[in-house]
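1. sequence? don't have it. structure:
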């Protein structure tokens, strides 16, 4: 069974770049036809899809975050990474990595990691 685990700093200063890594075990990130996603949930708000990297390496981003977001992968480590630049306190959220299948279902999630943006 595939498992995902987020890792990265829990505190980031305003204007800096937030960087998180998702380590996947029990399955390869290059397996057809999965999409490896980043999703966040600010305190008291709903889930927001940020973007994804496909099994092929293609990337997809939320239009509202596209200018600040980059998702990449390291297939040798079976990891994919989120970078969000120019962060503000509004980027404070629990960040999740998740797997989406070709039908659109998010069928595996990491436990989530809280990232606080504060000076």
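-> Now that the structure is in, tell me what you want to look at. Only a predicted model underlies this, so the values are computations on that prediction, with no experimental measurement involved.
2. Neighbouring strands - and their directions - for the helix or strand where residue 80 lies?
-> In this structure, residue 80 is located in strand 79-84 according to DSSP states H and E. According to DSSP bridges, strand 79-84 forms sheet pairs with strand 18-25 (antiparallel), strand 69-74 (antiparallel).
3. Give the rounded mean pLDDT of the next helix or strand along the chain from that strand.
-> Next helix or strand after strand 79-84 toward the C-terminus (DSSP H and E): strand 93-100. Averaged over strand 93-100, pLDDT sits at 98.
4. contact partners of the strand holding residue 80?
-> Under the contact criterion Cβ atoms under 8 Å, 6 or more residues apart in numbering, strand 79-84 has outside partners 17-24, 29, 36, 38, 50-51, 53, 65, 68-74, 91, 95, 97. The way it works is simple: take the backbone N, C-alpha and C, and place the C-beta from them, glycine included.
5. Could you list the buried residues of it?
-> For strand 79-84, a neighbour-count test (16 or more other Cβ atoms under 10 Å) marks 79-82, 84 as buried.
6. What of stretch 1-15?
-> Buried residues in stretch 1-15 (16+ other Cβ under 10 Å): 4, 6, 12.
7. between those, which is closest to residue 57?
-> Nearest to residue 57, judged by Cβ to Cβ, of these is residue 4 at 18.1 Å.
8. My read is that that closest one contacts residue 22, right?
-> Yes: assessed by Cβ atoms under 8 Å, residue 4 is found in contact with residue 22 at 5.5 Å.
9. shared neighbours of those two, anything?
-> Here residue 4 and residue 22 share the contacting residues 97, 110, scored by Cβ under 8 Å, 6+ apart.
10. Do you know the pLDDT at the residue lying closest to residue 83 once chain neighbours are set aside?
-> Leaving aside its chain neighbours, residue 83 sits nearest to residue 70 (4.5 Å; criterion: Cβ to Cβ, 6 or more residues apart in numbering). Listed pLDDT for residue 70 reads 98.
11. Can you report how many residues neighbour residue 70?
-> Look at residue 70: counted by other Cβ atoms under 10 Å, it has 16 neighbours.
12. Spit out the contact partners of it.
-> For residue 70, the contacting residues are 59, 82-83, 85, by Cβ under 8 Å, 6+ apart.
13. Cheers, nothing more for now.
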